[in-house]
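Q: predicted model and sequence below, questions to follow.
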Amino acid sequence: MSSAAACVTGQTYGASPCASRAEHARAVFEHVIPQLAPADVDARMALRLDRCQVLDKADPPPIELVMYEAALRTQFGGPKVAKGQLHHILEMSERYDVTMHAIPFSAGGFPGAGQSVMYAEGPVPELDTVELDSTHGPEFYDSEQQLRKYRAQLETMRAVALNPVQSRDFILTIANDL
């Protein structure tokens, strides 16, 4: 993501990599993939934190986060970690370069409901890349047909999501319930 011109993520079961606090990300790695050795957890954590440094640049790329209610309510690391994660997401949503959308359960089904995806726009369309999360590691796609599919999927997710103001209120309500 360090050279991405923009990034859109659709998250259905955990926070977007660049919206994750370290405690939350570690809990995801330790619980979603139980066979992962501690050294591998550390390596994935280092990579994730390194990739997220792009947000600290003087002119970071715009990021759009579309998060399903299940991703917001899952308490990886317990209630304290989950509440801290939600407040971190709320803080991120105040940044000028971040747009946040939440998809409530009441939105019903939508394409991509069981899959988390990150669409990184390159400086030119030929460099666009999709990253899918999987239990064995990330999978990358860059063919035009695949990119078209995931652009449509993310557009559908945006269409059923709450607007940014409603999303903030929704996330705050979830955090306050913990």
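A: Great, that's in hand.

Q: drop to CA atoms for contacts and neighbour counts, all remaining ones
A: OK.

Q: what's the local residue count around Ile171?
A: Applying other C-alpha atoms under 10 Å, we find 23 residues neighbouring Ile171.

Q: surely it touches Arg73?
A: No - with contact defined as C-alpha atoms under 8 Å, Ile171 does not count as touching Arg73 (9.2 Å).

Q: what's the following helix or strand after the lowest-mean-pLDDT helix or strand in the chain?
A: Among the helices and strands of the chain, helix 22-32 carries the lowest confidence by mean pLDDT, DSSP states H and E, at a mean of 79. Remark: after helix 22-32, the chain's next helix or strand is helix 38-52, criterion DSSP states H and E.

Q: pull out the buried residues from that following helix.
A: Across helix 38-52, burial judged by 16 or more other C-alpha atoms under 10 Å covers 41, 44-45, 48-49, 52.

Q: who are the packing partners of that helix?
A: The contact analysis (3 or more C-alpha pairs under 8 Å, 6 or more residues apart in numbering; DSSP states H and E) places helix 38-52 against helix 22-32.

Q: then the helix it packs on to PDB, C-alphas only?
A: What follows is helix 22-32 as a C-alpha-only set of coordinates in PDB (Å, rounded to 0.1, in the frame of the first residue of the first chain):
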ATOM      1  CA  ALA A  22      -1.600  -3.400  17.600                       C
ATOM      2  CA  GLU A  23      -3.500  -5.200  20.400                       C
ATOM      3  CA  HIS A  24      -6.400  -6.000  18.100                       C
ATOM      4  CA  ALA A  25      -4.300  -7.100  15.200                       C
ATOM      5  CA  ARG A  26      -2.300  -9.400  17.500                       C
ATOM      6  CA  ALA A  27      -5.500 -11.000  18.900                       C
ATOM      7  CA  VAL A  28      -6.800 -11.600  15.300                       C
ATOM      8  CA  PHE A  29      -3.500 -13.300  14.300                       C
ATOM      9  CA  GLU A  30      -3.400 -15.400  17.400                       C
ATOM     10  CA  HIS A  31      -7.100 -16.500  17.300                       C
ATOM     11  CA  VAL A  32      -8.000 -16.700  13.700                       C
END
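
Q: where along this structure do the helices fall?
A: Using DSSP state H, the helices of the chain run over residues 22-32, 38-52, 69-73, 79-92, 144-160, 164-177.

Q: tell me how far the second one lies from the chain's centre.
A: It stands for helix 38-52. In terms of C-alpha atoms, centre = their mean, to the nearest Å, the centre of helix 38-52 is found 16 Å from the chain centre.

Q: average model confidence for that helix?
A: What helix 38-52 shows for mean pLDDT is 82.

Q: can I get that helix as CSV, trimmed to CA atoms?
A: C-alpha atoms of helix 38-52 as CSV (Å, rounded to 0.1, in the frame of the first residue of the first chain):
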residue,chain,number,x,y,z
PRO,A,38,4.7,-16.6,18.0
ALA,A,39,7.6,-15.6,15.6
ASP,A,40,5.2,-15.7,12.7
VAL,A,41,2.7,-13.5,14.6
ASP,A,42,5.5,-11.1,15.3
ALA,A,43,6.5,-11.1,11.6
ARG,A,44,2.9,-10.4,10.5
MET,A,45,2.6,-7.7,13.1
ALA,A,46,5.8,-6.0,11.9
LEU,A,47,4.7,-6.1,8.3
ARG,A,48,1.2,-4.7,9.1
LEU,A,49,2.7,-1.9,11.2
ASP,A,50,5.2,-1.1,8.5
ARG,A,51,2.6,-1.0,5.7
CYS,A,52,0.4,1.4,7.9
